[in-house]
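Student: Sequence and predicted model, in that order:
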Amino acid sequence: MIEKIRRKLIRSFQLKREGMSKLTGKLCPKIQAKLDNEGFKSSDCVSIYAGNDLFEVECRHQRFAVNLSKRTCGCRKWDLTCFLYQHAISAILFDGSVPEDYVHPYYTIETYMKAYEPIIYPVASMEQWRRTSIDPLEPPKDKIQRGRPKIKRKRYPSEPKNPYKLSKAGTIIKCSECKKVGHNSRTCPSKKDKGTVSTNAKKTLTTNKKQAAGGARATAASDVDSGAGGSRTVASSAVDSRAGGSRAVAASSTGVRTSTAPLTISGGGANSERVVVQTLEKAIQRM
Ligand SMILES: [Zn+2]
Ligand SMILES: [Zn+2]
C-alpha cells in the first residue's frame, strides 16, 4: 500500500515539475486566467488618486477605498483572499503598475516549483540491498499487559455473530395467529386480548366447579381486631348460604366495626349451616 502511494507520488511530482517548467510568466495558469477575467471586469470601474497610495474606486454606483501599500480594499475581498479583484486592479492600472506584481507570492509559479522541488528517490527491491556485518534488528520484546487476555477474534461490524445461523434482519415477519404482517404470534395484540379473557373464564369455571362439589368453603374467618385497651371487638359476620336459602346475620355484642362479608359460605345445604354454627360458637368463646 505504502509502496503504491510512493510510486504514485514519484510520477505525480515529476509530471507537475515538467508541466510547470514549460510555462513562461509569473503566475500559475489558472490564477492568470482568473486575473485576466477580473482585469476585464475592471473596465466598469473609475478610479481617483487621493495620495499616499490611496484610491477611490467607483464601480456600479458603489465606491470603495483601495490602499495599494497596505493591499486592502473596501469590499474586503483583497484582504481576505490575498487575490486581486476588479476594484484593486482598476486602481493599479490607474497607477500605471502591473497587476501581477500585487498578487500574493503564494499564487506564483516559483512557489509552485518550490513545493514540488524535492525528488522522491527510487528504491531498489529488497534483494538488491547491500549486506552488512551488523546483526539484523530484533523487534521490541512483548510486554504482557494486565488482565485476562482476549481470545475471541475481533469481527467486522458487518460480520454475523454466529456464521451458522442466518439472520432474520430485513425479512417481513407474519403472525401465525391473525395472519397480519409486522409482528409474530408471541407479540400478537389480538392474542393478548384473548388471553386475559380466557384466564378469567378459567378461574370462574374452576370456582364454580368447587362450589358445585358440595363442599362448603369459608373464605374469611371472623374479623378480629385488638384495640389499644386490649379489648377485643369482633365485627358482625354476614353469613350467606345460598343452597339452604336461609340467611343468618350474626352480630357481636360489642359490635363497633362492621365488615361487609368476612364469612361467606356457599353451596351445600345442612352441611354449610353446621359450619356456620361452629364458627360462630368459636368466635363467642374467644370473647
Ligand atoms: Zn474591492
Ligand atoms: Zn397477530
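Tutor: Ah, there it is. Ligands and ions are numbered 1, 2, ... in the order given.

Student: got the contact list for residue 28?
Tutor: 20, 107, 108, 109, 112 (C-beta atoms under 8 Å, 6 or more residues apart in numbering). Every residue, glycine included, has its C-beta placed from N, CA and C.

Student: Now the two most distant members of these.
Tutor: The span of the contacts of residue 28, defined through C-beta to C-beta, is set by 20 and 107 at 12.7 Å.

Student: which SSE is residue 164 in?
Tutor: Using DSSP states H and E, residue 164 maps to neither a helix nor a strand.

Student: Next, count neighbours for it.
Tutor: The tally of other residues near residue 164 (other C-beta atoms under 10 Å) stands at 5.

Student: do the same with residue 118
Tutor: 8.

Student: Residue 31 too?
Tutor: When neighbours are counted by other C-beta under 10 Å, residue 31 registers 20.

Student: measure the closest residue to it other than its chain neighbours to residue 16 for me?
Tutor: In this structure, residue 31 finds its nearest non-sequential neighbour in residue 107, 4.3 Å apart by C-beta to C-beta, 6 or more residues apart in numbering. From residue 107 across to residue 16, the span is 16 Å (C-beta to C-beta, to the nearest Å).

Student: go on, residue 59?
Tutor: For residue 59 relative to residue 16 (C-beta to C-beta), the value is 37 Å.

Student: what does the helix or strand containing residue 40 contact?
Tutor: Residue 40 is part of helix 29-41, with elements assigned from DSSP H and E. With contact meaning C-beta under 8 Å, 6+ apart, helix 29-41 is reached by 23, 25, 27, 83-86, 89, 93, 99-100, 103, 107.

Student: do stretch 119-138 as well
Tutor: Stretch 119-138 has contacts (C-beta under 8 Å, 6+ apart) with 6, 9, 10, 13.

Student: where do the helices sit along the stretch 51-200 of the chain?
Tutor: In the stretch 51-200 of the chain, the helices defined using DSSP state H, counting those that start in this stretch lie at 77-81, 86-95, 109-115, 189-212.

Student: Who has more neighbours out of residue 20 and residue 107?
Tutor: Applying other C-beta under 10 Å to residue 20 and residue 107 shows that residue 107 carries more neighbours, namely 20 against 16.

Student: show me where pLDDT drops low in the stretch 51-200 of the chain?
Tutor: Within the stretch 51-200 of the chain, the ranges that satisfy pLDDT under 70 run 194-200.

Student: Write out the residues of it neighbouring ligand 2.
Tutor: Residues of the stretch 51-200 of the chain lying near ligand 2 by C-beta under 5 Å from the ion: 175, 177, 178, 188.

Student: thinking again about what came up before, so which of the contacts of helix 29-41 is the closest to ligand 2?
Tutor: The shortest gap between ligand 2 and any of the contacts of helix 29-41 belongs to residue 83, at 68.3 Å (C-beta to the ion).

Student: if we can go back for a sec, residues in contact with the residue nearest to residue 31?
Tutor: Counting by C-beta under 8 Å, 6+ apart, residue 107 has contacts 27, 28, 31, 83.

Student: Domain ranges for this structure, per the record?
Tutor: The chain is divided into the following domains under automatic domain parsing: 2-115, 224-286.

Student: Do the first one and ligand 1 come into contact?
Tutor: Read that as domain 2-115. Yes: judged by C-beta under 5 Å from the ion, domain 2-115 and ligand 1 are in contact via 64, 73, 75, 85, 87.

Student: Could you check how far residue 94 is from residue 62?
Tutor: Counting by C-beta to C-beta - residue 94 and residue 62 are separated by 17 Å.

Student: Mind checking which of these two has more residues around it?
Tutor: Neighbour totals were compared for residue 94 and residue 62, and residue 94 leads with 18 against 11 (other C-beta under 10 Å).

Student: I'd like the distance between the more buried one and ligand 1.
Tutor: Applying C-beta to the ion, to the nearest Å, one obtains 14 Å for the distance of residue 94 from ligand 1.

Student: Cheers, nothing more for now.
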